[in-house]
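1. structure for the following, please:
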Amino acid sequence: MSDKINEQEEVIQEEVQNEEETAEATQEAAEPTLEEKVAQLEEALKESEDKYLRVHADFENIKKRLEKEKYQAIDYASEKFAKDLLAPIDTLEMALAAEEAATELPAEELLAKLKQGVELTIKNFYTAFEKHDITTVETDGEFDPNFHDAVMQVDSPDHEDGQIVQQLQKGYKYKERLLRPAMVSICKK
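-> Numbering: from 1, shown residues only. I've put the predicted structure just below:
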């Protein structure tokens, strides 16, 4: 019997030893080796680099698209204004067509129709200008070198020194920016 007990003790000791070895192997398997840690970190680095490159490429594509849209906006900024100028051009073309068709009309009647067509065209131009904040430079009163270009000095009993006597050519402003100064003559006493 004691042999049997000894045998059982040996079997139990072997089982305990096997379990300890299995536990050690499991523990070693649970803790990654240095090479495995390096491999995991390299994989994470590759994933991060890939993400970075994708985000950077997306950013560059967006930047290029916005740049292209900006240049298109600049190129086509005057499109609305150009469309509004089509009406005056149409009016001028109709006036020319009416003149060619009206060869039987007396000269005075033809001249009156042409004058009416030119007045309508000018009205269309001013309507287009108004829609786009283009205004004429005022020439009543004092000379302002910021908005007026004095091309002559004249004597005038009706005006004071430095006042505008006559407008020779209209000046125009776009919003508050001067497009062209008004050419004027001013009084000099």
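2. helix, strand or coil for residue 186?
-> strand (DSSP: H, G, I helix; E, B strand; the rest coil).
3. number of nearby residues for it?
-> By the measure other Cβ atoms under 10 Å, the count of residues near residue 186 is 20. Heads up, the C-betas are built off the backbone N, CA and C, glycines and all.
4. centre-most residue in the chain?
-> residue 70 (4.3 Å; Cα atoms, centre = their mean).
5. same for the one helix or strand that residue maps to, what does it pack against?
-> Using DSSP states H and E, residue 70 sits within helix 34-75. For helix 34-75, there is no helix or strand it packs on, judged by 3 or more Cβ pairs under 8 Å, 6 or more residues apart in numbering; DSSP states H and E.
6. as a whole number, average confidence for it?
-> Helix 34-75 shows a mean pLDDT of 94.
7. which positions in whatever helix or strand comes next after that helix come out as buried?
-> Per DSSP H and E, the first helix or strand lying C-terminal to helix 34-75 is helix 79-84. Buried positions in helix 79-84, judged by neighbour count with 16 or more other Cβ atoms under 10 Å: residue 84.
8. may I have helix 79-84 as CSV, with CA atoms only?
-> Backbone C-alpha positions of helix 79-84 (Å, rounded to 0.1, in the frame of the first residue of the first chain) are rendered in CSV as follows:
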residue,chain,number,x,y,z
GLU,A,79,-20.2,88.1,-65.5
LYS,A,80,-23.3,89.8,-63.9
PHE,A,81,-22.1,93.2,-65.1
ALA,A,82,-21.4,91.9,-68.6
LYS,A,83,-24.9,90.4,-68.7
ASP,A,84,-26.4,93.7,-67.7
